[in-house]
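**Q** Following is a predicted model, sequence given first.
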Amino acid sequence: MRRANWPLALFLLLAACAQPAAPAAADASDAATAADAVALADVQAAGPLTRSPSTVALQDIVGLSSHPALGADPGAVAERVFEWKAMKQLGIHRVRTDFRFATVEPQPGVWDFSAYDPLVTEAAANGVNLLALLDATAPWAATVANGADGYPPRDPQDFADFAAKVADRYKANVAEYEVWNEPNNGVSFWKADQFAGEPDRYAALFLAANHAIHAAQPAAQVAFGAILYHFIVGSGPQFLADALQSTPPAPDIGVFSLHPYPLYPPTSSPESALGDEVPLMTQLATMNGLLSAAGAPTPAIPFWLTELGWPTTSALTPAQQARYTVRAIVLSALAGADRLYLYTLLDDGNSMGAEGVFGLMMAGDVTGTGTGVAPQPKPAFVAIQTLLKTVGAYRVVAQVPQPGFPGAWLVRLENAGQFAYLAWRTEDAPLPTTVTLPFGGNVHVTQLDGTSEDATAPAVGNYQVAVSPDPVIVQPRP
């Protein structure tokens, strides 16, 4: 999702912090909220709670957080044709994309689905499962009169009515919904009086939309959260703890969603714990602990990571983007996430800085009608394609410890009695680093670029592989 200008956001934050604080009011309400404060402290004090690995195959976990063109004009249709083809090449069949309140109901009671009907029809025809991200309040319903994108609705029921209309119209082809995007990002996506968003208002919005969607489509899955774990003010864990205590929505949460960037924009690996960075697996365990402490039915709640990616910049090479993306896919499944939507398919030539280069493919002529070059795959595209082609039908089952080799990772996958391993080391691991696989005999080793080779391990087992930051896939062969 596009984000605000961070230097401007920091300036505004510092300006806000410079304002004198209003004196605290001492009245009867203090005593009335004491019990709530204690309950909130219990949630905030919840430690990480590790989840079991996902039981979902990798090919059903990985999706794209993207923005397919809307409408029925020839250019939009041609762009979507390109994207459906690219997704099939990747081996991906899931897309998360916006369904905008402002587009669907531009005036009260005036409904317009012309932007989305072609998208939904084509997605179904191409075997693509849509996650409908419900957001972007219509100006007439926003908290600020004629407010632009990002302002929450004044009345949650207006948003709930929109959500119900979408669910009812597309219930034959869309079964998954997400309520808002990064509600703790008060600069870009939840423009309010607080930079950290408004957890109580978001919780109320989720409850209204959740009930409305299920009234129209009882079997729908509705995701709560889309929380950015790191933010300039108000961390994801704090926002979640406050939201869970405000209404509370915990018993109604059917799916929890998270954006587990190491920091933003990300430049480091998904395992990094340097400075303020929090490893991906720790982020999931922390949020799971908060949900459990608040009474949500964990571990039954699916975890969806609905946005994560790395840009290709002077600080991050295309090769690093590829290795971090593949490692994140495997680590997400190991941490218990059932979905990971990668941001995004194509670079955006209209955006400045890191925002425009998160794509798995470079920007180009997607219509085939212009004079420009078609988008070219980056190494990350090839790496995901290789992963899903080789072990897409497998599920992640366990990390195999490697005593004496800090920073070395060996992850076991299984499929119908067959097994495979992914092996790598982190960038700060001491050299040389090897991992030991608990089998011998003939093996097949596949690199991220799709090249592969056969090797023979000692018959007694304990086949050793020297590893680099680029994961390798090792499978036994006859």
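**A** Right, received. Where do you want to start?

**Q** ok, which stretches of the stretch 251-400 of the chain are strands?
**A** Along the stretch 251-400 of the chain, counting by DSSP state E, counting those that start in this stretch, strands occupy 255-259, 303-308, 337-342, 395-399.

**Q** looking at these, which is closest to I213?
**A** strand 255-259 (11.8 Å; C-beta to C-beta). Backbone N, C-alpha and C define where each C-beta goes, glycine included.

**Q** can you give me the offset of the closest one from its chain's centre?
**A** Distance of strand 255-259 from its chain centroid, counting by C-alpha atoms, centre = their mean, to the nearest Å, is 7 Å.

**Q** on that earlier part again, with respect to L280, which of the strands of the stretch 251-400 of the chain lies nearest?
**A** Closest of those to L280 is strand 303-308, at 8.0 Å (criterion: C-beta to C-beta).

**Q** Run through the neighbouring helices and strands of the closest one.
**A** Identification of packing neighbours for strand 303-308 by 3 or more C-beta pairs under 8 Å, 6 or more residues apart in numbering; DSSP states H and E yields strand 129-135, strand 221-228, strand 255-259, helix 280-293, helix 318-334, strand 337-342.

**Q** For stretch 88-101, output the C-alpha coordinates as PDB.
**A** Provided in PDB are the C-alpha atoms of stretch 88-101 (Å, rounded to 0.1, in the frame of the first residue of the first chain):
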ATOM      1  CA  LYS A  88       0.100 -18.400 -13.300                       C
ATOM      2  CA  GLN A  89       3.800 -18.300 -14.200                       C
ATOM      3  CA  LEU A  90       4.500 -17.700 -10.500                       C
ATOM      4  CA  GLY A  91       2.200 -20.500  -9.300                       C
ATOM      5  CA  ILE A  92       0.100 -18.000  -7.300                       C
ATOM      6  CA  HIS A  93      -3.700 -17.900  -7.100                       C
ATOM      7  CA  ARG A  94      -4.400 -15.400  -4.400                       C
ATOM      8  CA  VAL A  95      -4.700 -11.600  -4.700                       C
ATOM      9  CA  ARG A  96      -5.400  -9.000  -2.100                       C
ATOM     10  CA  THR A  97      -6.800  -5.700  -3.500                       C
ATOM     11  CA  ASP A  98      -8.900  -2.700  -2.500                       C
ATOM     12  CA  PHE A  99     -12.700  -2.600  -2.700                       C
ATOM     13  CA  ARG A 100     -13.200   1.100  -2.100                       C
ATOM     14  CA  PHE A 101     -16.200   2.500  -0.200                       C
END
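
**Q** tell me which element N210 is part of?
**A** helix 199-216 (DSSP states H and E).

**Q** what's the model's confidence in that helix, averaged?
**A** What helix 199-216 shows for mean pLDDT is 96.

**Q** quick one on the thing from earlier: now mean neighbour count too, for the strands of the stretch 251-400 of the chain, in TSV please.
**A** Shown next, in TSV, are the strands of the stretch 251-400 of the chain (neighbours: other C-beta atoms under 10 Å):
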stretch	mean neighbour count
strand 255-259	25
strand 303-308	26
strand 337-342	25
strand 395-399	18
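
**Q** Any chance of those strands in TSV with mean pLDDT and distance to P469 as columns?
**A** Formatted as TSV, the strands of the stretch 251-400 of the chain follow (pLDDT from 0 to 100; distance: least, C-beta to C-beta, whole Å):
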stretch	mean pLDDT	distance to P469
strand 255-259	97	23
strand 303-308	98	18
strand 337-342	98	19
strand 395-399	98	17
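
**Q** Switch the helices and strands packed on strand 303-308 over to a markdown table; also include distance to A164.
**A** Formatted as a markdown table, the helices and strands packed on strand 303-308 follow (distance: least, C-beta to C-beta, whole Å):
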| stretch | distance to A164 |
| --- | --- |
| strand 129-135 | 10 |
| strand 221-228 | 12 |
| strand 255-259 | 18 |
| helix 280-293 | 26 |
| helix 318-334 | 31 |
| strand 337-342 | 24 |
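
**Q** what about the helices in the stretch 301-450 of the chain?
**A** Applying DSSP state H, counting those that start in this stretch to the stretch 301-450 of the chain gives helices spanning 318-334, 379-391.

**Q** Which of those sits closest to V460?
**A** Nearest to V460 among these is helix 379-391; the distance by C-beta to C-beta comes to 25.6 Å.

**Q** Tell me which residues touch the residue lying closest to A243 once chain neighbours are set aside, please.
**A** Closest residue to A243 apart from its sequence neighbours, by C-beta to C-beta, 6 or more residues apart in numbering: P199 at 3.7 Å. P199 makes contact with P183, N184, F239, L240, D242, A243, S246, according to C-beta atoms under 8 Å, 6 or more residues apart in numbering.

**Q** now do 10 Å
**A** P199 makes contact with 183-184, 190, 227, 234, 238-247 under the criterion C-beta atoms under 10 Å, 6 or more residues apart in numbering.

**Q** Most neighbours out of those residues, which is it?
**A** Most neighbours among the contacts of P199, by other C-beta atoms under 10 Å: N184, with 31 neighbours.

**Q** Give me the secondary structure label for that one.
**A** Per DSSP: H, G, I helix; E, B strand; the rest coil, the local secondary structure of N184 is coil.

**Q** next one: the one 10 residues further on
**A** Going by three-state DSSP, the secondary structure assigned to Q194 is coil.

**Q** A203 versus that one, what's the distance?
**A** Here Q194 is placed at a distance of 14 Å from A203 (C-beta to C-beta, to the nearest Å).

**Q** And for Q320?
**A** Here the distance between Q320 and A203 works out to 37 Å (C-beta to C-beta).
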